[in-house]
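[1] please find the sequence and the predicted model below.
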Amino acid sequence: MSMTGVLRPGHVQLRVLDIEEAVVHYRDYMGLIETHRDDQGRIYLKGWDEQDWFSVVLREADDAGMDHMAFKVLDEETLWRLQSDLKKFGCDVERIPEGELDHCGERVRFVAPTGHVFELYANKDHHGNGIPTTNPAPWPEGLKGMQAVRFDHCLVYGEDLDASVKLFTEVLGFQLTEQIVDGDLQLAAFLTCSMKAHDVAFIRQEGPGKLHHASFLLKTWEEVLRAADIISMKDIPIDIGPTRHGLTRGQTIYFFDPSGNRNEVFAEDSHVYPDTPVLTWTADNIGQAIFYHSRELNERFMGVTTGA
Amino acid sequence: MVLTEQYEVTIVDSDERYICDSTQNLLKGMVQLGRKGIPVGCRGGGCGVCKVQVLSGTYTSKRMSREHVSVEDEAEGRVLACRTWPTSSIELQVVGQLQRAVTR
């Protein structure tokens, strides 16, 4: 896909119950790099290979969950065009001024039909990835923990799956890569704005919108196993894995941050071009779609979420 | 050396009993002994599935998502087992449950 509209997931702002416990998890255990603390007490972090100033914002609150997920768009012209398109689609759109998040330009906020707050922005300060742009080394020294490369995607639960999928594909230009269907009913939709297997994914579930997980990229299966070691060493609540998803072919492990937000680290996605066929998993084979090895649904993995 | 106490926890729904160390939360104490009865979710106070009603006994607790535990809940002993540490023997009833997975 030529990258002309929405470029990529830019950041996720997560609510945590104890911000100092949370930053130890994300910085020291997952290996994100702390880049800023603002005067509201929010902590900003990034994966080591991300160029922009931050991709995760932690905010202490009295409940856990996702405040919003934001996507970076190509430029300001694109931002205002998409704002107008979102309004035409029927979304309530709010403009969040530059500097509400330090190092981030003006944002366009909207609520998707599944109840999740998403944002678009065109500008964020450049931080760099710790490697020079001339004769670059393959990786920077001094990384910690799981050494997460980047914030990759979120998977969210919500009721009006059809309308959120319509919004992301028809207004924001996302492409459906994979889905789970039960007859004519779509149960899960994996969507990309790039060539990835997913930049955001939706699962149909009754009730208010929820966060299932925020996911971070690793480079290899070996690093997923090493993440599993760190999960045990640091007594991090594990959810499931290491295993493989049928959907997206991801090699994966899931665990929870100290406030109960689910995290994934994974490696080796599939990739798509605009002409790649949609991959479909059927509801009678949902176990294999989700956990390719065990082929069994896991009650906790399917049922446990935090708020949105 | 930190002194730890051991307390008996009774899940009245199933009459399951286990010994929980005072340094372990009620959920971890149960899981470590391979016992069952309280649903195990995020273990961080965020998802609400391990909500219990404490019927008797004393405890300390850490911050829990307001989405799942109201001020009134907290005052009346409805807490998340993963954020609750016993300071005496405890009797409790299970309130939380795992949600249904994918709905149609």
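    Received, thanks. Since the structure is predicted, the reported quantities are computational estimates derived from the model, not experimental observations. Numbers count the residues shown, from 1 in each chain, chains lettered A, B, ... in the order given.

[2] contacts, neighbours, all on C-alpha from now
    Noted.

[3] center of chain B - which residue?
    Within chain B, one residue has its C-alpha closest to the average C-alpha position: by CA atoms, centre = their mean, that is B:Ala81, at 1.6 Å.

[4] now stretch B:83-97: how far from the chain's centre is it?
    4 Å (CA atoms, centre = their mean, to the nearest Å).

[5] and for stretch A:292-300?
    On CA atoms, centre = their mean, the centre of stretch A:292-300 falls 22 Å from that of its chain.

[6] measure the residue nearest to the centre of chain B to B:Asp13 for me?
    15 Å (CA to CA, to the nearest Å).

[7] repeat that for A:His293.
    The span separating A:His293 from B:Asp13 equals 34 Å under the rule CA to CA.

[8] quick one on the thing from earlier: tell me the confidence at the residue nearest to the centre of chain B?
    The pLDDT attached to B:Ala81 in the predicted structure is 98.

[9] pretty sure it is touching B:Val52, no?
    Yes: with the criterion set as CA atoms under 8 Å, B:Ala81 and B:Val52 qualify as a contacting pair; they are 6.4 Å apart.

[10] any shared contact partners between the two?
    In the contact map built from CA atoms under 8 Å, 6 or more residues apart in numbering or on different chains, the residues linked to both B:Ala81 and B:Val52 are B:Ile38.

[11] can you name the residue of chain B nearest chain A?
    Nearest residue of chain B to chain A: B:Ser65, at 3.8 Å (CA to the nearest CA).

[12] burial measure for that residue, as a count.
    Using other CA atoms under 10 Å in any protein chain shown, B:Ser65 is surrounded by 25 other residues.

[13] dump the residue contacts of it.
    By CA under 8 Å, 6+ apart, B:Ser65 lies in contact with A:17, A:62-64, B:45-48.

[14] now it. Its backbone dihedrals?
    According to degrees, to the nearest 10, the main-chain angles of B:Ser65 amount to phi -60, psi 120.

[15] how close does it get to A:Ser259?
    8 Å.

[16] which neighbours do the two share?
    Contact with both B:Ser65 and A:Ser259 is made by residues A:17, A:64, B:45-46, according to CA under 8 Å, 6+ apart.

[17] looking at those residues, which is nearest A:Val56?
    A:Ala64 (14.5 Å; CA to CA).

[18] how close does the closest one get to B:Ile19?
    With distances taken as CA to CA, A:Ala64 is found 30 Å from B:Ile19.

[19] which helix or strand in chain A has the lowest average pLDDT?
    For chain A, scoring each helix and strand by mean pLDDT, DSSP states H and E identifies helix A:299-303 as the least confident one, at a mean of 91.

[20] hang on, the earlier thing: residues in contact with the closest residue to the residue of chain B closest to chain A other than its chain neighbours?
    Spatially, and ignoring its direct neighbours in sequence, B:Ser65 is nearest to A:Asp63 (3.8 Å; CA to CA, 6 or more residues apart in numbering or on different chains). A:Asp63 makes contact with A:15-17, A:307, B:46, B:64-67 under the criterion CA under 8 Å, 6+ apart.

[21] next, A:Asp63: secondary structure please.
    Recorded secondary structure, A:Asp63: coil (DSSP: H, G, I helix; E, B strand; the rest coil).

[22] how close does it sit to A:Glu119?
    Distance from A:Asp63 to A:Glu119, counting by CA to CA: 21 Å.

[23] mind listing what's buried in stretch A:94-107?
    Taking 16 or more other CA atoms under 10 Å in any protein chain shown as the basis for neighbour counts, the residues of stretch A:94-107 that come out buried are A:96, A:101-107.

[24] among the residues you listed, name the ones in strands.
    Secondary structure defined by DSSP state E assigns A:96, A:107 of these to strands.

[25] now for the buried residues of stretch A:94-107: which two are most distant?
    Using CA to CA, these reach their maximum pairwise distance at A:Ile96 and A:His103, which is 13.3 Å.

[26] point out where chain A drops to low pLDDT.
    For chain A, the stretches with pLDDT under 70 are A:1-2.

[27] how about the residues of it near chain B?
    Within chain A, the positions near chain B by CA under 8 Å from any CA of the partner chain are A:17-18, A:62-65, A:185, A:187, A:203-206, A:237, A:239, A:256-262, A:299-300, A:302-307.

[28] which PyMOL command selects the buried ones in those residues?
    With 16+ other CA under 10 Å as the burial test, the buried ones among the residues of chain A next to chain B are selected in PyMOL as follows:
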select buried, chain A and resi 17+18+63+64+65+187+203+204+205+206+237+239+256+257+258+259+260+261+262+300+302+303+304+305+306+307
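
[29] does anything pack onto the strand or helix carrying B:Glu8? Which helices or strands?
    Using DSSP states H and E, B:Glu8 maps to strand B:6-11. Packed against strand B:6-11 by the contact rule (3 or more CA pairs under 8 Å, 6 or more residues apart in numbering or on different chains; DSSP states H and E) you find strand B:16-21, strand B:90-94.

[30] highest mean neighbour count out of those?
    Per-residue neighbour counts averaged over each of the helices and strands packed on strand B:6-11 give the maximum for strand B:90-94, namely a mean of 20 (mean count of other CA atoms under 10 Å in any protein chain shown).

[31] between that one and strand B:6-11, what angle do the directions make?
    Between the direction of strand B:90-94 and that of strand B:6-11, the angle (axes from the mean of the first three to the mean of the last three CA atoms, to 10 degrees) works out to 30 degrees.
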